[in-house]
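Participant: what shape does this take:
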Amino acid sequence: PIAGMTQLEMLRLARPMRNVEALSRLPRLKSLYLHLVQQSAPLDSLADITNLHELLIMSGKRTDLAELRHPTLKKLHIQDVRGLTRFDTTPFPGLEEFSMHCQAQVTDLACSSANAKLRRIVVLRCIRLARFHGLRELPSLDHFAVVECPVNEDQLRNG
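Facilitator: Residues are numbered from 1 along each chain as shown. Got it, this is the predicted structure:
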């Protein structure tokens with residue numbers, strides 16, 4: 001039934017498990033908030049939501065989000081996803097804002113020259129974060145905050 005809601009611009013879903021690809025048939029969807037996302041939930045079809053500008057993935061359990069990508073997404077927030085150990089923003093070339101909060105197992109974050117539009121990064125309470133790669137490749141970055149994370153200051157400076 002959601003696929004028929006063609007005027008929908010913002011959607012919050014809890015425990016998306018199947019038929020996630022139906023979201024790509026929502027031509028006006030701009031903001032999507034996914035809560036309690038499990039490992040078995042397919043996220044690759046989110047790239048087909050053409051007008052999506054903001055995505056929040058909160059709670060649930062996933063060991064990675066490698067299948068997640070979007071060419072024009074502007075804002076991405078990841079919070080409390082258990083099992084996640086690394087994340088790379090490279091598959092989001094249109095990204096302007098990225099935030100990650102309360103990721104207890106994340107040790108690596110990465111970005112690249114593909115994220116040339118990235119202006120804002122906020123990383124909060126990622127208690128195992130040891131490496132942040134690609135910071136030097138972000139020419140538009142004007143706001144960067146890393147709070148309550150053990151990442152080495154020299155590594156950030158040289159990243």
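Participant: in contact with residue 67, which residues?
Facilitator: Going by Cβ atoms under 8 Å, 6 or more residues apart in numbering, residue 67 touches 42, 43, 44. In short, each C-beta sits where N, CA and C put it, glycine included.
Participant: report the helix or strand with the lowest average pLDDT across the protein.
Facilitator: Ranking every helix and strand in the chain by mean pLDDT, DSSP states H and E puts helix 153-158 at the bottom, with a mean of 68.
Participant: against residue 64, how distant is the nearest residue to residue 85 once chain neighbours are set aside?
Facilitator: Spatial nearest neighbour of residue 85, chain neighbours left out: residue 105 (5.2 Å); criterion: Cβ to Cβ, 6 or more residues apart in numbering. For residue 105, the distance to residue 64 equals 11 Å [Cβ to Cβ, to the nearest Å].
Participant: repeat that for residue 47.
Facilitator: 16 Å.
Participant: centroid residue for this protein?
Facilitator: residue 76 (4.1 Å; Cα atoms, centre = their mean).
Participant: per-residue confidence at it?
Facilitator: pLDDT recorded at residue 76 is 98.
Participant: what strand or helix carries it?
Facilitator: Residue 76 is part of strand 75-79 when elements are defined by DSSP states H and E.
Participant: what sits up against that strand?
Facilitator: 53-59, 65, 84, 87, 89, 92, 95-103.
Participant: repeat the analysis, applying 6 Å as the threshold.
Facilitator: With contact meaning Cβ atoms under 6 Å, 6 or more residues apart in numbering, strand 75-79 is reached by 54, 55, 56, 57, 58, 97, 98, 99, 100, 101, 102.
Participant: a markdown table for the residues you listed, including secondary structure, pLDDT and distance to residue 136?
Facilitator: Converted to a markdown table, those look like this (DSSP: H, G, I helix; E, B strand; the rest coil; pLDDT from 0 to 100; distance: Cβ to Cβ, whole Å):
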| residue | secondary structure | pLDDT | distance to residue 136 |
| --- | --- | --- | --- |
| 54 | strand | 98 | 27 |
| 55 | strand | 98 | 26 |
| 56 | strand | 97 | 28 |
| 57 | strand | 96 | 27 |
| 58 | strand | 95 | 30 |
| 97 | strand | 98 | 19 |
| 98 | strand | 98 | 16 |
| 99 | strand | 98 | 20 |
| 100 | strand | 98 | 19 |
| 101 | strand | 97 | 24 |
| 102 | coil | 97 | 27 |
